[in-house]
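> Sequence first, then the predicted structure, then my questions.
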Amino acid sequence: MHKIGIGYDIHRLEAGPKLVLGGIEVPFGAGLRGHSDGDVLIHAVIDALLGALGEGDIGGHFPDTDPRTKGARSAGLLATVVDLVRSRGGEIVNVDTVVVAEEPKLGPHAAAMKAALAPVLGLPPGALGIKAKTNEGLGPVGEKRAIACYAVALVRFPD
Ligand SMILES: [Zn+2]
């Protein structure tokens with residue numbers, strides 16, 4: 001049996017924090033506000049995986065009131081969720097994502113993000129999609145006040 005999950009996340013862009021996206025640091029003059037490192041791409045992937053398990057969302061598993069996850073690397077949270085998928089007998093088949101950001105240009109960083117995240121997910125690079133889009137200047141993302149991400153994940157379970 002296969003199950004699919006969908007995830008979405010958005011974080012405010014502000015001066016100060018480093019921009020961490022897809023498990024890597026992207027050189028830019030602003031970063032994402034968040035309880036953890038604000039890695040909106042990983043958060044969307046986590047919600048997609050939890051969705052495939054029927055397991056609620058990232059806020060339920062890693063509450064933003066928990067001092068242990070303050071400033072945490074989201075890649076570590078993702079590894080915890082991948083372990084949860086495996087503990088339920090699940091095997092991740094593929095993950096696809098769309099990052100929506102007006103700035104910076106993320107296309108040149110997609111390969112490094114894949115290299116960082118595919119091993120955490122236990123996937124070959126060809127089974128992890130990272131696509132970068134702008135929002136055509138529209139809304140908070142288009143006005144460079146936020147970065148958003150959509151993700152889907154397909155998980156195979158024993159019949
Ligand atoms: Zn988030």
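Everything's here; your move. In this text, all values refer to a predicted model and were calculated from it rather than measured experimentally. Numbering: from 1, shown residues only.
> Spell out which helix or strand contains Leu117, please.
Element membership of Leu117, judged by DSSP states H and E, is helix 110-121.
> Quick one: residues in contact with that helix.
For helix 110-121, the external contacting residues (CB atoms under 8 Å, 6 or more residues apart in numbering) are 21-24, 41-42, 45, 75, 78-79, 82, 92, 95, 124-125, 127-128, 130-132. Backbone N, C-alpha and C define where each C-beta goes, glycine included.
> Buried residues of whichever helix or strand comes after it, list them for me.
Next helix or strand after helix 110-121 toward the C-terminus (DSSP H and E): strand 128-133. By 16 or more other CB atoms under 10 Å, the buried positions in strand 128-133 come out as 128, 130, 132.
> Just send the residues you listed back as JSON lines, with distance to Val100 and pLDDT too.
Below are the buried residues of strand 128-133 laid out as JSON lines (distance: CB to CB, whole Å; pLDDT from 0 to 100):
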{"residue": "Leu128", "distance to Val100": "18", "pLDDT": "98"}
{"residue": "Ile130", "distance to Val100": "12", "pLDDT": "98"}
{"residue": "Ala132", "distance to Val100": "8", "pLDDT": "96"}
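> Format those as a markdown table; extra columns: distance to Gly56.
Below are these laid out as a markdown table (distance: CB to CB, whole Å):
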| residue | distance to Gly56 |
| --- | --- |
| Leu128 | 23 |
| Ile130 | 25 |
| Ala132 | 28 |
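> so how far is the helix or strand bottoming out on mean pLDDT in the chain off the chain centroid?
Scoring the helices and strands of the chain by mean pLDDT, DSSP states H and E places helix 58-61 at the bottom, with a mean of 88. Here helix 58-61 is found 14 Å from its chain centre; the criterion is CA atoms, centre = their mean, to the nearest Å.
> Work out which residue lies at the spatial centre of this structure.
In the chain, the C-alpha nearest the mean C-alpha coordinate belongs to Ile42, at 1.8 Å (CA atoms, centre = their mean).
> near the ion, which residues of this structure?
Proximity of the chain to the ion, by CB under 5 Å from the ion, involves residues 9, 43.
> ok but Leu154 is inside a strand, no?
Yes: assigned with DSSP: H, G, I helix; E, B strand; the rest coil, Leu154 falls within a strand.
> Leaving out the residues flanking it, which one is nearest to it?
Leaving aside its chain neighbours, Leu154 sits nearest to Val93 (4.2 Å; criterion: CB to CB, 6 or more residues apart in numbering).
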